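In: Got a predicted structure plus its sequence, pasted below:
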Amino acid sequence: MQRIGFIGLGLMGQHMARRLLDAGYPLTVWNRTAEKAKHLCAAGAATATSPKALAQTSDVVITMVTDSAASEQVSCGPNGVLEGAHPGLVLIDMSSITPAVSRSIAERARAKGVSTLDAPVTGAPKVAFEGKLGIMVGGSKDTFEACLPILQVMGVKIVYAGGNSLGTTLKLVNNLILGVAIHASAEALVLAAKAGLDPRAVIEITSVGGARTGAMETRGPRMVQRDFTPHFSANNMYKDLSNVVQLAEECGVSLPVAGAAREILRAAKSQGKGDLDSCVVMTVLEAMANTTVKQEA
């Protein structure tokens, strides 16, 4: 089987890497904080001293890091993946980054003879654990088809979007919908509370009909219970909506609703809530409305 190197063992990456290990792929891992690799090493994974060293012993390298800057660093920086490039190496970047950075990494990799895919994901850590992620892929169709068995270990819905950077573009479009839907769900619950409604009624009625959204179904009960444990943090959602707004500016498209949702996320971040789940925007809206969303006894 292909030797896989995996970089980035955060909330999502640790589960994705474990899926590959359990599927029988020879796995080498690297993480900036080495402590996070211990459980995978105990299960049979090897560790590398740098992204460069990891690439030297891998057929396919997967990166799953925080943002564009981190992705560029581990792929193209000193001791990065491309410094360990060898003929036939494939680089799959599964991070949520900007299309421009994705194209730049692909171009520099091509100059080293390395094929690339941008393949960001959608889904929470629990979904990653179950191998049921959605994966959006950009890059050469031949490279995509060659790597499809690897992607199928981690995802249940895999969509080929086209050439390099179109996977990251599709991810931004997807998260535009998600960010706005979470914000709309929070607004609905705050309005319901102010109007004297039990928020459970809102969650129940929106489980059918045209107002049904995954955001309300997954975040609604957690917002009512005031459980803001991060599944997708306010920091990450703010990053993605900022990238969406930047992409829209480049394309000459107005996104007034996405812009408003981003500003409420900015407020949550300024209040020190950036590491909490993005549905924590409800607390900002509560303060604006001078009310509290709570479940009736």
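Out: Great, that's in hand.

In: List the buried residues in the longest helix anywhere in the chain.
Out: Of all the segments assigned as helix in the chain under DSSP state H, the longest by residue count is helix 166-195. In terms of neighbour count (16 or more other CB atoms under 10 Å), helix 166-195 has its buried residues at 166-172, 174-176, 178-190, 192-193. Every residue, glycine included, has its C-beta placed from N, CA and C.

In: now stretch 144-153
Out: Residues of stretch 144-153 classed as buried: 144, 147, 150-151, 153 (neighbour count, 16+ other CB under 10 Å).

In: Among those, which ones are in helices?
Out: Where those overlap with helices, as defined by DSSP H, the overlap consists of 144, 147, 150-151, 153.

In: any idea which of the residues you listed is the one closest to Met282?
Out: Leu151 (34.2 Å; CB to CB).

In: Can you give me the pLDDT of the closest one?
Out: Here the pLDDT value assigned to Leu151 is 98.

In: residues in contact with it?
Out: The neighbours of Leu151, taking CB atoms under 8 Å, 6 or more residues apart in numbering as the test, are 92, 119, 135, 137, 158.

In: Equivalent analysis for Ala37, please.
Out: The neighbours of Ala37, taking CB under 8 Å, 6+ apart as the test, are 9, 29-31, 45, 47.

In: with those in mind, which one is nearest to Arg200?
Out: Of these, the one sitting nearest to Arg200 (CB to CB) turns out to be Leu9, at 37.5 Å.

In: where does the closest one fall, phi/psi-wise?
Out: Dihedral angles of Leu9 (phi, psi; degrees, to the nearest 10) stand at phi -120, psi 50.

In: same check, this time on Leu91
Out: The phi/psi pair for Leu91 (degrees, to the nearest 10) reads phi -110, psi 120.

In: Can you tell me the SS state at the residue nearest to it when sequence neighbours are not counted?
Out: In space, not counting the residues next to it along the chain, Leu91 is nearest to Thr116; the distance is 4.7 Å by CB to CB, 6 or more residues apart in numbering. With DSSP: H, G, I helix; E, B strand; the rest coil as the basis, the three-state label of Thr116 is strand.

In: which residues touch stretch 264-275?
Out: Identification of contacts with stretch 264-275 by CB under 8 Å, 6+ apart yields 179, 183, 228, 230, 233-235, 237-238, 241, 276, 278, 280-281, 283-285.

In: Narrow these to those in helices?
Out: Using DSSP H to define helices, the subset of the contacts of stretch 264-275 located there is 179, 183, 234-235, 237-238, 241, 281, 283-285.

In: any idea which of those residues has the most stuff around it?
Out: Scoring these on neighbours with other CB atoms under 10 Å, the highest-scoring entry is Val281 at 29 neighbours.

In: quick one: it and Ala184 touch, right?
Out: No - when contacts are counted by CB atoms under 8 Å, Val281 is not listed as touching Ala184 (10.4 Å).

In: and which of the contacts of Leu151 is nearest Asp67?
Out: Comparing these against Asp67 with CB to CB picks out Ala119 as the nearest, at 16.1 Å.

In: need the contacts of Leu151 in JSON lines with distance to Ala106, can you?
Out: Output for the contacts of Leu151, formatted as JSON lines (distance: CB to CB, whole Å):
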{"residue": "Ile92", "distance to Ala106": "11"}
{"residue": "Ala119", "distance to Ala106": "12"}
{"residue": "Ile135", "distance to Ala106": "17"}
{"residue": "Val137", "distance to Ala106": "13"}
{"residue": "Ile158", "distance to Ala106": "19"}
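
In: could I get those residues as TSV with neighbour count and pLDDT?
Out: As requested, these are exported to TSV (neighbours: other CB atoms under 10 Å; pLDDT from 0 to 100):
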residue	neighbour count	pLDDT
Ile92	25	98
Ala119	31	98
Ile135	25	98
Val137	26	98
Ile158	17	98
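
In: Out of those residues, the closest to Ser68 would be?
Out: Proximity of the contacts of Leu151 to Ser68, judged by CB to CB, is greatest for Ala119, which lies at 15.2 Å.

In: Could you tell me the end-to-end distance of stretch 188-207?
Out: When the termini of stretch 188-207 are compared using CA to CA, to the nearest Å, they are 14 Å apart.

In: Give me the contacts around that stretch.
Out: By CB under 8 Å, 6+ apart, the surrounding residues in contact with stretch 188-207 are 211-213, 216-217, 220-221, 223-224, 282, 285-286, 289, 291-296.

In: Now with 10 Å, please.
Out: The list of residues contacting stretch 188-207 from outside it, by CB atoms under 10 Å, 6 or more residues apart in numbering, reads 185, 211-213, 215-217, 219-221, 223-224, 279, 281-297.

In: Among the residues you listed, which ones are in helices?
Out: Within these, residues falling in helices by DSSP H are 185, 215-217, 219-221, 223-224, 281-289.
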